[in-house]
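Enquirer: give me a model of this one.
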Amino acid sequence: MTTNPQTQAQSAPRVQEASVAELLAALGQDTTRLMRQELALAKVETKQEAAKAGIGLGELLLAALAGQLALIMLSFAAVEALDGPVTRGWAYVIVGAVWLVLAGILASVGRKALKSTEITLPRTQETVKELPETVKGH
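Expert: Residues are numbered from 1 along each chain as shown. Below is the predicted model:
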């Protein structure tokens, strides 16, 4: 934390003349202000990240819808291709079983990915780490 030498020179006489009670009151006010600023920073960071996540989620949902429509069409094409070697009913069963196995694999991979995620607030964590030095310097 950098301070202006002129500001230090102006505040030095004030600190020397202040009583212990006044100094403690000033420390309390400064600490309260600092905590409010940290909370405000955390709120801003959280809102920014939530907005980014919302946009990304919307895009992923649209992509999933388009992919689902394509998979439906490809599934019908696969049934038609299997209709010659096996009956149509068995062709639907085979294609459905393939999709069921694929869904299970994707669910397992997605679950592992969700378990490993954690939301962090890097700027807030950085400034909170600086709190002890700030209070000591007061």
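Enquirer: count of residues packed around Val79?
Expert: 19 (other Cβ atoms under 10 Å). All C-beta atoms are positioned from the backbone trio N, CA, C, and that covers glycine.
Enquirer: before we move on, what SS does the nearest residue to it once chain neighbours are set aside have?
Expert: Spatial nearest neighbour of Val79, chain neighbours left out: Ala91 (4.5 Å); criterion: Cβ to Cβ, 6 or more residues apart in numbering. Following DSSP: H, G, I helix; E, B strand; the rest coil, the label given to Ala91 is helix.
Enquirer: got a list of what Ala91 touches?
Expert: Contact analysis of Ala91 by Cβ atoms under 8 Å, 6 or more residues apart in numbering lists 78-80, 82-83.
Enquirer: just give me the closest of these to Pro122.
Expert: Ala78 (46.7 Å; Cβ to Cβ).
Enquirer: if I look at the closest one, how far off is Ala103?
Expert: 16 Å (Cβ to Cβ, to the nearest Å).
Enquirer: which of these two has more neighbours?
Expert: Ala78 (17 against 10).
Enquirer: which SSE is immediately downstream of the least confident helix or strand in the chain by mean pLDDT?
Expert: Ranked by mean pLDDT, DSSP states H and E, the weakest helix or strand in the chain is helix 5-17, scoring a mean of 54. Later in the chain than helix 5-17, the nearest helix or strand by DSSP states H and E is helix 20-82.
Enquirer: and that next one, what does it pack against?
Expert: If you count contacts as 3 or more Cβ pairs under 8 Å, 6 or more residues apart in numbering; DSSP states H and E, helix 20-82 packs onto helix 88-115, helix 122-129, helix 131-136.
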